[in-house]
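*Asks:* After the sequence you'll find the predicted model.
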Amino acid sequence: MATATRVFMDEQGFLEVETPTLFKSTPEGAREFLVPSRISPGEFYALPQSPQQFKQILMCAGVDKYFQLARCFRDEDLRADRQPEFTQIDVEMSFIDREDIYALIEGLLKTIWKTALDYDVPTPFPRIPYREVMDRYGSDKPDTRYAMEIGDLTEDFAASGFKVFSGAVERGGVVKAINAKGFACVTQGQMETMTNIAKGLGAKGLAFIKVENGEWKSPIVKFFSDTEKAALIEKLNIEEGDLILFAADEWLNACEILGRIRQYTAGKLVELGKLEIPADQFNFLWVIEFPLLAFDREMNRWFSSHHPFTSPVEEDADKLETDPKSVRGQHYDVVVNGVELGGGSIRIHQPELQKTIFEDLLKLSPEVTQARFGYMLEAFKYGCPPHGGIALGFDRLIALLCGADSIRDVIAFPKTTKGSCLMTDSPAAVEAKQLRDLHIDLKVAKKAE
RNA sequence: GGGGGUGUAGCUCAAUUGGUUAGAGCGCUGGCCUGUCACGCCAGAGGUUGCGAGUUCGAGUCUCGUCACUCCCGCCA
C-alpha cells in the first residue's frame, strides 16, 4: 500500500520530501518524546508529533506539492488505535482550496482500495458539516453503514408538561431521541449500561419508551400530550418492538449521548441478528466546517479544535474578534465506517492573522509565540502561498483494509499498552557513562535486578 | 495518572456451591464416500486454564502479586 501510495502521488506530481526526526519541542499539542543533546548540555530535541510545521515551510520554499510517509511520535497513553510511534500519509499543496484536497484524497483512497481489495469506492464522498453530522449521528466520525439517525424534538417538547424536557429547552438546550428498531427486548442490565453512558456525559438519566404489545411502556409517557406522541411517531417512525431513548441537555451533550447510545444499541442489535452492518462495505465521507475554536472552561481560554494553523472559512473571518465560537474552520476529516482516517485543513498563510490567532485568541504571550513559532511567522513574511494539506493515518488505513480491530495487528514489533516493546524489552536502563555524556542525573532508583 | 472488564485447544466459546480424566463447534490430520460447489460419514491429534505465590484434603473457579489485552475518564493541538 505504501508503494501504491507513492506511485499515485508521483503520478499526481508530488515530491516526496523527508523532514527531520530530531525536531524542537512545541508543547501546544500532544506530549512529546524528548531527546537529550550531548553537544548542548541541558538542551533537548523533541520527536515530531507530525511534520506539520516543516511542510508549511516547504510551501513557503516553493515545494508546491509535497508528500511523505512520515513517522510521528506522541507520548500519550495507548489504545487499540493509538501507538506511540505511527505512520501517516502526510500531504501539503500550494495555491489550492478544499476542493483540490477532496479530489486528490478521494483519488488516492479509490486507488488504494482498488489495489488492496479490488473494491470500487464511489466518489465523490458525501460531505457533511460538523453541525449536521452531530445532529444526525451524535459523532464527528459516524458509521453510516446503518441509519438509526437521531431525531430532534426540541420544538415539540418546548412547552411539554414533562418538566425534564421543557426545562432543558428553557435553559437553551435541546430534546433529542433515537429509535433503536426492534430493541424493546432490551435487558435491565443493558438499560443500566446505557444509563451509565448518559450519566458519564453529565445527564441525570436516560428516558426511554419500550413499544411492546401495542403499548408504550415508559415511566414518562404519562406526561406526554397527544400532539407530542404524534410528533414522536412521525419523526422517529415508531413501530411495535422499538425502543426509544431520549436525551434532553445542551446541544453538544445531547448529541454525544445519543451518539454513544446509537453505537451501543447498534452493536447489540447486530448480536440479536436484527441489524446488519456489512463488514465488506466502506462508507467514506467528509466531515467539514468544524468550529475553529473551542472553549476550555477550566483554563478559561480558547483552544484550537484542530490546530492553530487552520484557516477560518472566509465568510466567518470577521467574527474572530466578536464571536469566536461561531467561526468555522476550513478543516476537514475523512471518515470511514466510524473511523477517523485523517484530517487536515487549509492553513493560515498571512502572518498577521497567524499572530492574531496565537496571541489574541489562544493567549500565548508574544515571547512564547516568538520562541515556538517565530521561524514560521518569519518565513510567512517573505510571502507564503495559500496552502493546505491533510494527513491520513497509515496504520489505521492498513488495519481497515485487513479487517483488524487494532493497529497493533498490522504493525511489526508494536508496543504494549504500557509502551514497551516485548521483542527488545525497550525502554531499558542505560549505562552511567551514557548518562554522563548527556549531562543527565536520574532521580528514580535503579530497578532491583 | 485514575477506574472497570477480560485472559481456558489454532479460532469462537462452555465447565453448577471449589470436587473424577477441563468439554463443544469450527479448523487441522488420516481413512471412507462423493453429481461436488458452507459436502457427508468415521477416526485422531491438539491444554502446565497467561505467569507466580497463597488458602484448601482438593483451585479453571477463592485471595494476593505480576504480565498482556480491552473499554471509560484524563490525554490524543
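*Replies:* Cool, got the structure. Residues are numbered from 1 along each chain as shown, chains lettered A, B, ... in the order given.

*Asks:* and chain A, which of its residues are near RNA strand B?
*Replies:* A:26, A:28-31, A:49-50, A:52-53, A:74, A:76-82, A:200, A:303-308, A:405-406, A:408, A:414, A:416-418, A:420, A:422 (Cβ under 7 Å from any atom of the strand). Just so you know, the C-beta spots here come from the backbone N, C-alpha and C atoms, and that holds for glycine as well.

*Asks:* Make a ChimeraX selection of the buried ones in those.
*Replies:* Command for ChimeraX, covering only those of those found buried under the criterion 16 or more other Cβ atoms under 10 Å:
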select /A:26,28,49,50,52,53,74,78,81,82,304,305,306,307,308,408,414
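
*Asks:* out of the residues of chain A next to RNA strand B, which are inside helices?
*Replies:* A:52-53, A:200 (DSSP state H).

*Asks:* which of these lies closest to RNA strand B?
*Replies:* residue A:52 (3.6 Å; Cβ to the nearest atom of the strand).

*Asks:* Show the pLDDT at the spatially most central residue of chain A.
*Replies:* In chain A, the residue lying closest to the centroid (Cα atoms, centre = their mean) is residue A:340, at 5.9 Å. For residue A:340, the pLDDT comes out at 94.

*Asks:* Which neighbouring elements make contact with the helix or strand hosting residue A:45?
*Replies:* Per DSSP states H and E, residue A:45 falls inside strand A:44-46. Applying 3 or more Cβ pairs under 8 Å, 6 or more residues apart in numbering; DSSP states H and E, we find strand A:44-46 packed against strand A:34-36.

*Asks:* which residues does residue A:199 contact?
*Replies:* A:205-206 (Cβ atoms under 8 Å, 6 or more residues apart in numbering).

*Asks:* And the residue nearest to the centre of chain A, its phi and psi?
*Replies:* phi -80, psi 110 (degrees, to the nearest 10).

*Asks:* How much space separates it from residue A:390?
*Replies:* 12 Å (Cβ to Cβ, to the nearest Å).

*Asks:* so what sits against both of these two?
*Replies:* residue A:334.

*Asks:* So, low pLDDT: which residues of the stretch 1-150 of chain A?
*Replies:* Within the stretch 1-150 of chain A, no range satisfies pLDDT under 70.

*Asks:* all strands for it, in order.
*Replies:* A:15-16, A:34-36, A:44-46, A:65-73, A:85-94, A:127-129, A:150-152 (DSSP state E, counting those that start in this stretch).

*Asks:* again, but for the stretch 251-400 of chain A
*Replies:* Under DSSP E, counting those that start in this stretch, the stretch 251-400 of chain A gives strands at A:284-288, A:293-296, A:301-304, A:331-336, A:339-346, A:387-393.

*Asks:* All the helices of chain A, in order from the start?
*Replies:* Under DSSP H, chain A gives helices at A:2-11, A:52-60, A:98-117, A:130-137, A:163-170, A:188-200, A:226-236, A:251-271, A:351-356, A:366-381, A:394-402, A:432-437.

*Asks:* As CSV, the ones you listed with distance to residue A:243 would be great.
*Replies:* Converted to CSV, the helices of chain A look like this (distance: least, Cβ to Cβ, whole Å):
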stretch, distance to residue A:243
helix A:2-11, 44
helix A:52-60, 44
helix A:98-117, 35
helix A:130-137, 18
helix A:163-170, 18
helix A:188-200, 9
helix A:226-236, 11
helix A:251-271, 7
helix A:351-356, 49
helix A:366-381, 51
helix A:394-402, 30
helix A:432-437, 61
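
*Asks:* about what we covered before: what about the strands of the stretch 251-400 of chain A, which gets the closest to residue A:239?
*Replies:* Nearest of the strands of the stretch 251-400 of chain A to residue A:239, taken as Cβ to Cβ: strand A:284-288 at 28.0 Å.
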